[in-house]
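A.B. asks: Sequence isn't available, so here's the structure alone:
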């Protein structure tokens with residue numbers, strides 16, 4: 001198969017499930033994000049302190065951003 005033919009084949013959309021068509025908004029997206037975070041934190045326990053710091057920083061920053069952009 002020539003390089004040109006491979007490029008044409010790679011640009012075609014396959015008929016299967018496409019990740020860009022799966023909705024990730026609202027409650028489903030939140031469940032997915034929390035689930036993925038839990039899986040990563042269980043798999044790599046050394047990230048737990050970093051995750052707690054990020055969570056604390058987000059809790060402090062969220063009200064500030066909410067007031068600025070309402």
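C.D. replies: Sure, I can see it. Please read all numbers here as calculations on a predicted model, not as lab measurements.

A.B. asks: helices or strands up against the longest helix seen in the chain?
C.D. replies: Looking across the chain with DSSP state H, the single longest helix is helix 48-68. Judged by 3 or more C-beta pairs under 8 Å, 6 or more residues apart in numbering; DSSP states H and E, helix 48-68 is in contact with helix 26-43. No exception for glycine: its C-beta is placed from N, CA and C like everyone else's.

A.B. asks: what mean pLDDT does the helix it packs on have?
C.D. replies: For helix 26-43, the mean pLDDT works out to 88.

A.B. asks: Count the residues that sit near residue 21.
C.D. replies: Residue 21: 6 surrounding residues under other C-beta atoms under 10 Å.

A.B. asks: Equivalent analysis for residue 38, please.
C.D. replies: Residue 38 has 11 neighbouring residues, counting by other C-beta under 10 Å.

A.B. asks: if I look at it, how far off is residue 66?
C.D. replies: 25 Å (C-beta to C-beta, to the nearest Å).

A.B. asks: Also residue 19?
C.D. replies: 30 Å.

A.B. asks: Which of the two has more residues huddled nearby?
C.D. replies: residue 66 (9 against 6).

A.B. asks: confidence score at that one?
C.D. replies: 92.

A.B. asks: And for residue 4?
C.D. replies: In this model, residue 4 carries a pLDDT of 63.

A.B. asks: Just the angle for the longest helix of the chain relative to helix 26-43, thanks.
C.D. replies: Orientation of helix 48-68 against helix 26-43 (axes from the mean of the first three to the mean of the last three C-alpha atoms, to 10 degrees) gives an angle of 150 degrees.

A.B. asks: Count the residues that sit near residue 51.
C.D. replies: Here the count is done by other C-beta under 10 Å, and residue 51 has 14 residues near it.

A.B. asks: gap between it and residue 40?
C.D. replies: The gap separating residue 51 from residue 40 is 8 Å, by C-beta to C-beta.

A.B. asks: do residue 70 as well
C.D. replies: Using C-beta to C-beta, we find residue 70 at a distance of 32 Å from residue 40.

A.B. asks: now do residue 19
C.D. replies: Counting by C-beta to C-beta - residue 19 and residue 40 are separated by 19 Å.

A.B. asks: And residue 53, by the same measure?
C.D. replies: According to C-beta to C-beta, residue 53 and residue 40 sit 15 Å apart.
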